[in-house]
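Q: here is a sequence with its predicted model. Questions after.
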Amino acid sequence: MASVVFMGFVAYVLSVASVSYQEDGTKRESLQVYAFNMFRNIVSQGNMMIVSKWSQRFLFYSWYLFCLVVSALYSGMLTAVLAIPAYETPINFLEDLPRAVKDGYTLSVMADSTNEYLFKEATEGIYKQIWPLFNHKDRPESFVSSPVIGMKRILERKYVYMGPYLVSRVIAMQMGDRKFYFGRQKFFPQDVGIAVPQGAPYKKIFDQKLLSMVEGGLIAKWQEDEVRKIPQTTSGQDESGSKISALTLTHLQAAMYTAAIGYVVAGVSLIIEKTVHFSFEIKDA
């Protein structure tokens, strides 16, 4: 918008400067008319003004090129943004992992953990299908020594870490919960038991109370309460380095150079026109 106003002002100044030697009776328009026509050009609505002086023509030519470059950049940027999906296809289930590997993702679990054992010792089904998809040539790449390493790698590249849900949630809250996506499927659930002496008379009471706590949702509530106590990082996914950005002056350098060249050529043409006009007036006198 600033370029439209500035260009309208420059065109108006040129018309005022050339009025002293205009002999064809061309009407000099107001500043508002020039600014409005500059706006029509940049939104591809054409130009309703007719100019007779070469200085004004050069100025309009450069403005047309400026509008063409800006329009092409904006259209290309808009097309690029619309062509990119807002979100990648999520990985929600174990059945999605083969497709994720084809898309360049690396699968990982804790080294020497029950999760590794689950995939390694599977004899059939989806677990057996997934085991060859791990990076066995570079074992530390797929079998990490701690959950923190696996979660950090998710932020660095295409990476899938499969580990204990609560531990992963805690780490995600510390690093920025919105930076991570947790799949909907929870597989290989593990229960935590309380060991008591064989034949203990209070075992049945423990079983009843613990079962009531689980079925009543107290365990899940306590888990969420503990997660909320963790200091959260508020940074979101928009800080992860999006490759699509708004147009800046760096992108518009070509258009700016074109407009600047047009200003120079128009100014030189104005000086030449005035010089030629006054030289003919002197000869006539």
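A: The structure has been received and is ready for your questions. Residues are numbered from 1 along each chain as shown.
Q: now do the host helix or strand of residue 117: which elements does it pack against?
A: For residue 117, the enclosing helix or strand under DSSP states H and E is helix 114-120. In terms of contacts (3 or more C-beta pairs under 8 Å, 6 or more residues apart in numbering; DSSP states H and E), helix 114-120 is packed against strand 106-110, helix 125-130. Every C-beta, even on glycine, is put in place using the N, C-alpha and C of the backbone.
Q: can I get the ones you listed in CSV with distance to residue 31?
A: As requested, the helices and strands packed on helix 114-120 are exported to CSV (distance: least, C-beta to C-beta, whole Å):
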stretch, distance to residue 31
strand 106-110, 62
helix 125-130, 70
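Q: which one of these is the most hemmed in?
A: Ranked by mean neighbour count, the helices and strands packed on helix 114-120 are led by strand 106-110 with a mean of 22 (mean count of other C-beta atoms under 10 Å).
Q: what about it, distance to the chain center?
A: In terms of C-alpha atoms, centre = their mean, to the nearest Å, the centre of strand 106-110 is set 27 Å apart from its chain centre.
Q: likewise for stretch 188-205?
A: From the chain centre to the centre of stretch 188-205 is a distance of 51 Å (C-alpha atoms, centre = their mean).
Q: tell me the mean pLDDT over that stretch?
A: For stretch 188-205, mean pLDDT rounds to 79.
Q: which residues sit against it?
A: Residues from elsewhere that reach stretch 188-205 (C-beta atoms under 8 Å, 6 or more residues apart in numbering): 114, 115, 118, 164, 206, 210.
Q: next, the distance between the ends of that stretch.
A: Terminal residues of stretch 188-205 are spaced 27 Å apart (C-alpha to C-alpha, to the nearest Å).
Q: buried set for the longest helix anywhere in the chain?
A: The residue-count maximum for a helix in the chain (DSSP state H) belongs to helix 253-284. Neighbour-count burial for helix 253-284 flags 255, 258, 259, 262, 263, 265, 266, 267, 269, 270, 273 (criterion: 16 or more other C-beta atoms under 10 Å).
Q: pretty sure the last one sits against residue 58.
A: No - in this structure, residue 273 sits apart from residue 58 without contact. The criterion is C-beta atoms under 8 Å, and the distance is 10.7 Å.
Q: turn the helices and strands packed on helix 114-120 into CSV, columns for mean pLDDT and distance to residue 215.
A: Formatted as CSV, the helices and strands packed on helix 114-120 follow (pLDDT from 0 to 100; distance: least, C-beta to C-beta, whole Å):
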stretch, mean pLDDT, distance to residue 215
strand 106-110, 94, 30
helix 125-130, 92, 29
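Q: now for the longest helix of the chain, which elements pack on it?
A: Looks like helix 253-284 contacts helix 2-18, helix 54-83 (3+ C-beta pairs under 8 Å, 6+ apart).
Q: mean pLDDT lowest for which of those?
A: helix 2-18 (a mean of 70).
Q: between that helix and helix 253-284, how many degrees?
A: With axes from the mean of the first three to the mean of the last three C-alpha atoms, to 10 degrees applied, the angle from helix 2-18 to helix 253-284 works out at 10 degrees.
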